[in-house]
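Student: Predicted coordinates and the sequence they were generated for:
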Amino acid sequence: YTIIFLSNIHLFWGEKEIIQGLWNLRDSFKVSGNMLVALTNQGAILPIELAHDFLVLDEPLPTLEVLEGVVKNTFEYAKLDAPSKEIMEQATGALIGLPYFPAEQSTAMCLNIANDNGKITGTLDIEGLWERKRQAINATQGLSITTGKEKLDEIGGLETVKTFLLRLLNGNDSPRCIIFSDEIEKTFAGTGTDTSGVKTELTGSMLQWTTKLDMAGVLGIGVPGAGKTQIMKAIAAEMGILFITFDLAGMRGSLVGQSGAALRAAQAIIEAVSGGRILWVATCNSIDALPPELQARFKDGTFFFDAPTIEERISIWNIHRKAFNIPETDALPIDKGWTGREIRECCSKAYRLKMNLSEASQYIVPVTVSNAGIIDNLRRQSSGKYLSASHAGIYRYEEEVKPFTGHVLNVEQGRKMRES
């Protein structure tokens, strides 16, 4: 009897000759008692012509128990005492999500057997393990770990969404990982209408995945520069949990089946590092292009981020004055309709160009002016539908009513014109 192993067969089975050759072996191997074992990468899918002729066995990523064995064996091979419970928990927490061999290799390379004086220490570099894990995740198509330096106390306003996210991440069965999709409407635009069908397939896979895990989800929609992305990163940094950018567009491949394989591989890694407890957060500047069934997956809330109020702008000015060493005696410019991003940019320009805030403001065009029509429509569409990021309850848009400034012939005519 013969067993043949074909490694990385997925690199070749797209060719019709390979597919036919594998299919031809089926009956002859059955009669002779031989076996063909095809080894593929995670997420690969058999060609439809072979789908019913192979038994598919999926090797899951190592569990915490398996990783404990990896760490213990590594210490044992180095003839060191077993690590403490605390070190074991830190090590397995850093290794979870890696395949078996990279986990074993990382542990061995991060184990410091002796110091500079030759004394046996047996210390494990936990930060080194995390760095190797970050490298492994970053090497996964469409995934990248973001280690932001944002802090919550450096973000003015948005108190409602801050409080909600902190309670969500501190609650029962709290998420262990945040996956982040920026400007999600661009990623999923064209679902159901793309001629290749790839985007529709990926959307369907995402919908199934979020349902299977009963995934928590929060969507931020609103004015560009109002702090949607910044606050998501700051929350992750504040809580000390993984913040993984999930770029679905980056998973699309040129070959048939390549995109789906990349998505499934990314999903498997995220499930492993989080234990299936994931919070999907996304930002959106226009919700029209987002399929309704996808909107519904953000079941924990859709928050509308409007330009900051007067009180919020004062708080934001104070934060950035301090960051850029702007003296308190420097008077604030007229900032009606400005976002936090524009306030920061004004302070940055004042610092870099050695001018006061009023002078720097002459080089700022707020997005609420440059895209007034688009933002006004977005506010109208969102009013009464989504939660407010700044105050408790539902977002309500109160359109500013401009006073009549035309020529009034008499009091009665003026009254009628104001009423109209």
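Tutor: Received the coordinates, thanks. The structure displayed is predicted, hence computed values, not measured ones. Numbering: from 1, shown residues only.
Student: shaky segments in the stretch 301-420 of the chain?
Tutor: 399-420 (pLDDT under 70).
Student: where do the strands sit along it?
Tutor: Using DSSP state E, counting those that start in this stretch, the strands assigned to the stretch 301-420 of the chain run over residues 302-305, 387-388.
Student: Of these, flag the one that's most buried.
Tutor: Of all the strands of the stretch 301-420 of the chain, strand 302-305 carries the top mean neighbour count, a mean of 26, counting by mean count of other CB atoms under 10 Å. (C-beta placed from N, C-alpha, C; glycine too.)
Student: Mind listing the strands that one pairs with, and their directions?
Tutor: According to DSSP bridges, strand 302-305 forms sheet pairs with strand 216-222 (parallel), strand 387-388 (parallel).
Student: Can you list the low-confidence ranges for this structure?
Tutor: For the chain (pLDDT under 70), the answer is 42-43, 114-121, 148, 189-198, 253-258, 399-420.
Student: okay, which residue is most central for it?
Tutor: Residue closest to the average C-alpha location in the chain (CA atoms, centre = their mean): Phe180, at 1.4 Å.
Student: contacting residues for it?
Tutor: Thr146, Thr229, Met232, Lys233, Phe243, Ile244, Thr245, Phe246, Val281, Ala282 (CB atoms under 8 Å, 6 or more residues apart in numbering).
Student: Please, which helix or strand holds it?
Tutor: strand 177-181 (DSSP states H and E).
Student: The residue nearest to the centre of the chain bridge partners, please.
Tutor: Beta bridges link Phe180 to Thr245, Val281 when assigned by DSSP bridges.
Student: May I see the contacts of Phe180 organised as JSON lines, with neighbour count added?
Tutor: Converted to JSON lines, these look like this (neighbours: other CB atoms under 10 Å):
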{"residue": "Thr146", "neighbour count": "17"}
{"residue": "Thr229", "neighbour count": "21"}
{"residue": "Met232", "neighbour count": "25"}
{"residue": "Lys233", "neighbour count": "21"}
{"residue": "Phe243", "neighbour count": "22"}
{"residue": "Ile244", "neighbour count": "26"}
{"residue": "Thr245", "neighbour count": "18"}
{"residue": "Phe246", "neighbour count": "25"}
{"residue": "Val281", "neighbour count": "28"}
{"residue": "Ala282", "neighbour count": "27"}
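Student: Tell me the one among the residues you listed nearest to Ile319.
Tutor: Lys233 (15.8 Å; CB to CB).
Student: And the strands of the stretch 301-420 of the chain: which comes nearest Ser286?
Tutor: Using CB to CB, the nearest of the strands of the stretch 301-420 of the chain to Ser286 is strand 302-305, at 12.5 Å.
Student: Tell me the gap between the closest one and the middle of its chain.
Tutor: 17 Å (CA atoms, centre = their mean, to the nearest Å).
Student: and for that strand, what are the contacting residues?
Tutor: Counting by CB under 8 Å, 6+ apart, 158, 160-161, 164, 218-223, 226-228, 295, 382, 385-390, 395 sit against strand 302-305.
Student: got the CA positions of that strand in PDB?
Tutor: Taking C-alpha atoms only, strand 302-305 is exported to PDB below (Å, rounded to 0.1, in the frame of the first residue of the first chain):
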ATOM      1  CA  THR A 302     -25.600  52.700  15.100                       C
ATOM      2  CA  PHE A 303     -24.300  56.100  16.400                       C
ATOM      3  CA  PHE A 304     -24.400  59.300  14.500                       C
ATOM      4  CA  PHE A 305     -21.400  61.600  14.900                       C
END
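Student: Hmm, Cys284 is touching Ile221, no?
Tutor: Yes - using CB atoms under 8 Å, Cys284 and Ile221 qualify as a contacting pair, with a distance of 4.5 Å.
Student: So which of the two has more stuff around it?
Tutor: Neighbours per residue (other CB atoms under 10 Å) separate Cys284 from Ile221, with Ile221 holding more: 28 against 25.
Student: Kindly provide the distance from Asp27 to Gln20.
Tutor: 13 Å (CB to CB, to the nearest Å).
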